[in-house]
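Engineer: Show me how the following folds:
(2 chains)
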Amino acid sequence: METLAFILHNLPAIGERTVEHLSIVSVAVGIAIITGVPIGIAITQSRRTADTVLYLGSIVMTIPSIALFGVLIPILSKIGQGIGWLPAVIAAMLYAQLPIIRNTYTAIRNVDPALRSAAIGMGMSVQQRLARVEIPIALPVIIAGVRIAVVINIGVTAIAAYIGAGGLGTFISRGISQSDIRQLITGALALGLLAIAADYSLLWLQKRLTPRGLVKHIDRP
Amino acid sequence: MIRLEDLTKSYETPQGPVIAVDRVSFEVGSGETCVLLGPSGCGKTTTLRMINRLVAPSAGKIYLAGRDTDTVDPVELRRGIGYVIQQIGLFPNMTVAENIGVVPRLLGWDAARRRRRAEELLALLALPPGAFADRYPSELSGGQAQRVGVARALAVDPPVLLMDEPFAALDPVNREAIQDEFLRMQQKLRKTILFVSHDIDEAVKMADRIAIFNAGRLVQFAAPDEMLAHPADAFVASFVGRDRTLKRLRLTRVREVMTGADDGSGDTNVPAVSADDDLRGVAALFLESDTESLRCIDAAGRVIGIVKRSAVAARLAIDDSR
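Structural biologist: Residues are numbered from 1 along each chain as shown, chains lettered A, B, ... in the order given. The predicted structure is shown next:
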């Protein structure tokens, strides 16, 4: 009851923190898509490069986020941005790389070799083949990677409250330091709902962007 | 129309170079269908794929309509050559009409013209455009999909078609049907076709010329009847099979061996044949009965000639002694 009262009383603050949270996640994932998708496509050309890149991506995933923030503080301090929004975005962007690169790579590699053969044999250039055949077919799996990246990033950004990046993690960090169960529950609840909402809206997008011919059971009038 | 000169492909492997295609030369005239025939690994598909440069030749030349294809940009070259593969390779994210419109779109045709062409080709391949143009490949049967594959290859009316075992994945009934349709279509379109197959029956049925390969070499290049009557060596003889004489029966029509008038000797207890039948049915009738001659009738049922047992035997024998 107390928590409910707290939430109702602090709705504007929760909204503000949610916007902060989303600004970090969306900028980080946006950059990760712009970089990760081309990297994922490029590494399909060479097995060895692909292994190296995916290995590096996996190493990044094993670094605890709080440790990554620690590493970024001295580096970014040189430009006066040691704490706050910028290191949060950089860390989140790094964590988003692996799922996006890996899904793009897998999806493009799994395109039926016969389709590639047909596309080349009909006289498509590399760019035309990617744009008209391979990327449209790979798109659902690429977006599935983006969904994973977004959910991971909502979690990473919660930790970023400790380096002053704001966001919904603020409720949790304050709840812990002030032993205030109301703030803790508010933060956890809001983060959970945000992750679910983001995942479902991307699922909707994934379905919308799946080429109709790839939908298993097509209902025809 | 297509001329190969000492075309060679070798691959470097850890065990030393492997020659996949060894100095192959032949020429296919305009409007002819040439079937590249042989067991798997004989170099027939590699030869085909060198023509549209999906495989780069190690040596030798390919001339298309007199032009050395080395001087043409590969992407341009491929847009001017129809290409059909066994796996069909229809793009699943595009409708049937969009699939057929792929090369037209690469060449900059507008949407209305692409659509018109797709509908025209669907009709040509006995797929009603109204029912098929907007379907996706996942909604087609194997036979329908390969018809669309052929339509797609014909989209910009290229003079040359390359077909890599196009009908091999279809069931026998469907395969016969699509082969017959394709032959009818080819009589109208008169494309220059290179057709890879491992099936001697298909080759005999489709080909004006057969190029038979073994271990990367072209061992015989001849018309089907010639190849069946005079295999160049023991390999060709074993590949075409001991029943090569029976296969030759398919290549001859009744009208070529019948006598032109009804002399009354036709056996009325045995079914009559038609002038356009091939000799397989005739031979079967002679084997089933002890009759010496059959009646040949026209569409209206009138007897127009007589086929004698001796004439059929003579037909096979004459060619054999040539």
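
Engineer: how many neighbours does the residue in the stretch 101-250 of chain B that chain A sits nearest to have?
Structural biologist: Chain A sits closest to residue B:136 of the stretch 101-250 of chain B, with a gap of 3.3 Å, by C-beta to the nearest C-beta. All C-beta spots, glycine's among them, are computed from the backbone N, C-alpha and C. Neighbours of residue B:136 under the rule other C-beta atoms under 10 Å in any protein chain shown: 22.

Engineer: State the distance from it to residue B:174.
Structural biologist: 20 Å (C-beta to C-beta, to the nearest Å).

Engineer: Residue A:81 now?
Structural biologist: Counting by C-beta to C-beta - residue A:81 and residue B:174 are separated by 67 Å.

Engineer: Neighbours of residue A:83, how many?
Structural biologist: Residues near residue A:83, counting by other C-beta under 10 Å: 17.

Engineer: mind showing which ranges of chain B have poor pLDDT?
Structural biologist: B:262-266, B:318-322 (pLDDT under 70).

Engineer: same check, this time on chain A
Structural biologist: Using pLDDT under 70, chain A drops low at A:216-221.

Engineer: State the phi and psi torsions of residue B:65.
Structural biologist: phi 50, psi 40 (degrees, to the nearest 10).

Engineer: May I have the residues that are in contact with it?
Structural biologist: B:1, B:159 (C-beta atoms under 8 Å, 6 or more residues apart in numbering or on different chains).

Engineer: Repeat that for the one 4 residues further on.
Structural biologist: Counting by C-beta under 8 Å, 6+ apart, residue B:69 makes contact with B:51, B:53, B:61, B:62, B:63, B:77.

Engineer: how does it look with 6 Å?
Structural biologist: Residues in contact with residue B:69, defined by C-beta atoms under 6 Å, 6 or more residues apart in numbering or on different chains, are B:62, B:77.

Engineer: Can you tell me how far it is from chain A?
Structural biologist: Distance, residue B:69 to chain A, using C-beta to the nearest C-beta, to the nearest Å: 13 Å.

Engineer: ranges for the strands of the stretch 51-200 of chain B?
Structural biologist: B:59-64, B:67-68, B:81-85, B:160-164, B:192-197 (DSSP state E, counting those that start in this stretch).

Engineer: so which of the ones you listed gets nearest residue A:135?
Structural biologist: strand B:81-85 (21.8 Å; C-beta to C-beta).

Engineer: burial measure for residue B:55, as a count.
Structural biologist: Neighbour tally, residue B:55, other C-beta under 10 Å: 17.

Engineer: no, scratch that, I was asking about residue A:132
Structural biologist: 19.

Engineer: Does the nearest residue to it once chain neighbours are set aside belong to a helix, a strand or coil?
Structural biologist: Leaving aside its sequence neighbours, residue A:132 sits nearest to residue A:124 (C-beta to C-beta, 6 or more residues apart in numbering or on different chains; 7.0 Å). Counting by DSSP: H, G, I helix; E, B strand; the rest coil, the backbone at residue A:124 sits in coil.

Engineer: now residue B:10
Structural biologist: Residue B:10 ends up strand, using three-state DSSP.

Engineer: before we move on, what about the one 10 residues further on?
Structural biologist: Per three-state DSSP, the secondary structure class of residue B:20 is strand.

Engineer: surely the residue of the stretch 101-250 of chain B closest to chain A meets residue A:213?
Structural biologist: Yes: with contact defined as C-beta atoms under 6 Å, residue B:136 reaches residue A:213; the gap is 3.3 Å.

Engineer: where's the nearest residue to residue B:2 once chain neighbours are set aside relative to residue B:62, distance?
Structural biologist: Among residues not flanking residue B:2 along the chain, residue B:28 sits closest, at 4.6 Å (C-beta to C-beta, 6+ apart). Distance from residue B:28 to residue B:62, counting by C-beta to C-beta: 11 Å.
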